[in-house]
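1. return atomic coordinates for the entry below.
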Amino acid sequence: MTSIHHPFFVTERKRSEAALIQVVQEAFVQGVFTRKMEKLAKSLGIENLSRSQVSDMTKGLNEQVNAFRSRSLSQSNYSILWVDALYEKVRMEGRIASMVILVVCGVDEHGQRDILAIEPMFEESEETYLLLFRGLQERGLCTPRLVISDAHAGLVAAIRKGFPGANWQRCKVHFMRNILAHIPHKDKDGFAQNLKTIWLTPAREQACKLAQEICRQYEHCFPKAIRCLEDGLEDSLAFYAFPQLDARKISSTNVLERLNREIRRRTGVVGIFPSADAYTRLMTTYLMEYAEDWSASRAYLSEQSVQTMLQPAA
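-> Next comes the predicted model:
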C-alpha cells in the first residue's frame with residue numbers, strides 16, 4: 001500500500017511553529033543569526049532539522065498563507081469591520097526598516113469573527129488603505145455598514161472614499177488616549193474615570209450631555225484636552241446608531257488590540273525579522289490559527305443583532 005505523504009509541519013508541528021522555524025532558518029542563511037535567534041533555535045529543536053525539511057515547510061506554508069490571504073469573501077456578508085495596524089522591525093536590503101501590517105477583522109451574518117486581510121505595507125496612508133480596501137472588494141467584500149478604527153487621517157479618508165455610505169466609529173479607547181495625552185500625570189486617573197462615563201451611558205443624548213458637563217468643568221484647567229474631546233466626540237458616538245448591537249464590542253478596536261498583544265508577545269521572541277516575507281508568513285500563520293479558533297467558538301455578536309444590520313436602511 002502506498003503511504004500518503006504529509007508535509008512535515010502537518011504531522012510534527014503546527015503552522016505557526018513551523019513558520020517560526022522558517023524565520024530562524026532564513027536568518028541563519030542570511031548571516032544575521034543573533035544570540036536571540038540561537039536561543040530560539042535551540043528551544044525549537046531546529047538543530048535537528050535538515051534544510052530539505054525546512055524547505056518543505058516553507059513551500060507548504062507559503063501555499064497555505066497565500067490561499068488564506070487571497071480567499072474569496074463573497075460567500076459571507078461582513079457588515080462590521082475593525083481595522084488596525086501593527087509595526088515590526090525587518091531587514092530590508094541590509095538595513096533595518098519599520099514594516100506595517102494592516103489587519104482587518106470582520107463579523108459575518110452569523111455573528112462570527114474572521115480575519116479578512118493581512119497586508120504588509122511600508123507606510124500608513126490614504127493610498128495604502130485604499131489599496132487594502134479595493135483588494136477586499138475584488139475578493140467579494142460588500143460595503144460594510146460600520147467600520148471601527150483609530151483616527152489616522154489616511155485611514156479615515158480611505159474609509160470614506162472606499163466605502164461610501166458606511167458609518168465610521170472612532171475607537172473610543174484610542175480617542176481617550178489622545179485626550180489624556182493633554183492631561184498632567186497626577187490628574188490622569190480621575191479625569192479618565194469621568195471620561196469613560198460618556199461611552200457607558202445607554203443613549204446618545206445622555207452621552208452628549210455628560211460630555212458637555214465635562215467640557216464645562218475642565219475647559220479652564222485642561223483646554224487642549226477639552227478641545228480634543230469636542231473635536232472628536234461626534235465620531236466616537238457613531239455606535240449609538242446601532243442599539244441592537246453590543247456597544248462594548250463596536251465602540252472600540254479592542255477585538256484587534258487583544259489580538260495584537262498576543263501577536264507581539266509571540267513575534268517578540270524573534271526581535272528583528274530577516275525579511276518582510278518571513279514576518280508576513282509568521283504573522284499570517286498566527287492569525288490563521290486564531291481564525292480557526294473563532295470559527296469553532298461561540299458567536300462574537302448575536303446572529304439576531306447582526307441580521308438587523310443587513311436589512312435595508314429606512
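
2. using CSV, write down the CA coordinates of stretch 192-211.
-> The C-alpha coordinates for stretch 192-211 follow below in CSV (Å, rounded to 0.1, in the frame of the first residue of the first chain):
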residue,chain,number,x,y,z
ALA,A,192,-10.1,59.2,32.8
GLN,A,193,-12.8,57.9,35.2
ASN,A,194,-15.0,60.8,34.3
LEU,A,195,-14.3,60.5,30.6
LYS,A,196,-15.2,56.8,30.5
THR,A,197,-18.8,57.5,31.6
ILE,A,198,-19.5,59.3,28.3
TRP,A,199,-19.5,56.0,26.4
LEU,A,200,-21.1,53.9,29.1
THR,A,201,-24.4,55.7,29.0
PRO,A,202,-27.3,53.8,27.3
ALA,A,203,-28.4,56.7,25.0
ARG,A,204,-26.6,59.1,22.7
GLU,A,205,-28.4,62.1,24.2
GLN,A,206,-27.1,61.3,27.7
ALA,A,207,-23.6,60.8,26.3
CYS,A,208,-23.6,64.2,24.7
LYS,A,209,-25.0,65.8,27.9
LEU,A,210,-22.2,64.2,30.0
ALA,A,211,-19.6,65.3,27.6
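
3. can you give the distance of it from its chain's centre?
-> Stretch 192-211 has its C-alpha centroid displaced from the chain centroid by 26 Å (C-alpha atoms, centre = their mean, to the nearest Å).

4. buried stuff in that stretch?
-> Neighbour counts over stretch 192-211 (16 or more other C-beta atoms under 10 Å) mark Leu195, Ile198, Trp199, Thr201, Ala207, Cys208, Leu210, Ala211 as buried. Just so you know, the C-beta spots here come from the backbone N, C-alpha and C atoms, and that holds for glycine as well.

5. out of the residues you listed, which one sits closest to Lys224?
-> Leu195 (14.2 Å; C-beta to C-beta).

6. Glu213 versus that closest one, what's the distance?
-> Computed as C-beta to C-beta, to the nearest Å, the Leu195 to Glu213 distance reads 12 Å.

7. between the buried residues of stretch 192-211, which is closest to Asp293?
-> Nearest member of those to Asp293, counting by C-beta to C-beta, is Trp199, at 28.4 Å.

8. can you give me the strands for the stretch 101-250 of the chain?
-> Taking DSSP state E, counting those that start in this stretch to define them, one finds strands in the stretch 101-250 of the chain at 113-121, 146-149, 167-170.

9. any idea how far the second one is from the middle of the chain?
-> On the basis of C-alpha atoms, centre = their mean, strand 146-149 is displaced by 12 Å from the centre of the chain it belongs to.

10. likewise the last one?
-> Centroid separation between strand 167-170 and its chain, computed with C-alpha atoms, centre = their mean, is 16 Å.

11. can you check the longest one too?
-> Relative to its parent chain, strand 113-121 has a centroid offset of 7 Å by C-alpha atoms, centre = their mean.

12. which residues touch that strand?
-> The contact list for strand 113-121 (C-beta atoms under 8 Å, 6 or more residues apart in numbering) reads 69, 73, 76, 78, 81, 99-108, 128, 131-132, 135-136, 141, 255, 276, 279-280, 283-284, 287-288, 290-291, 294-295, 300.

13. distance check, Tyr218 against Glu123.
-> 36 Å.

14. actually Leu116, sorry about that
-> Taking C-beta to C-beta, one finds Leu116 at 21 Å from Glu123.

15. what about these two, which has more around it?
-> Leu116 (24 against 11; other C-beta atoms under 10 Å).

16. tell me how far the more buried one lies from Pro184.
-> 41 Å.

17. where do the helices sit along the stretch 101-250 of the chain?
-> Here the stretch 101-250 of the chain has its helices, by DSSP state H, counting those that start in this stretch, at 126-138, 153-162, 172-180, 185-200, 204-218, 223-236, 247-250.

18. by how many degrees do the fourth one and helix 223-236 diverge?
-> Looking back up the chat, that one is helix 185-200. Interaxial angle of helix 185-200 relative to helix 223-236 (axes from the mean of the first three to the mean of the last three C-alpha atoms, to 10 degrees): 20 degrees.

19. again, but for the fifth one
-> Per the same axes, to 10 degrees, the angle that helix 204-218 makes with helix 223-236 is 170 degrees.
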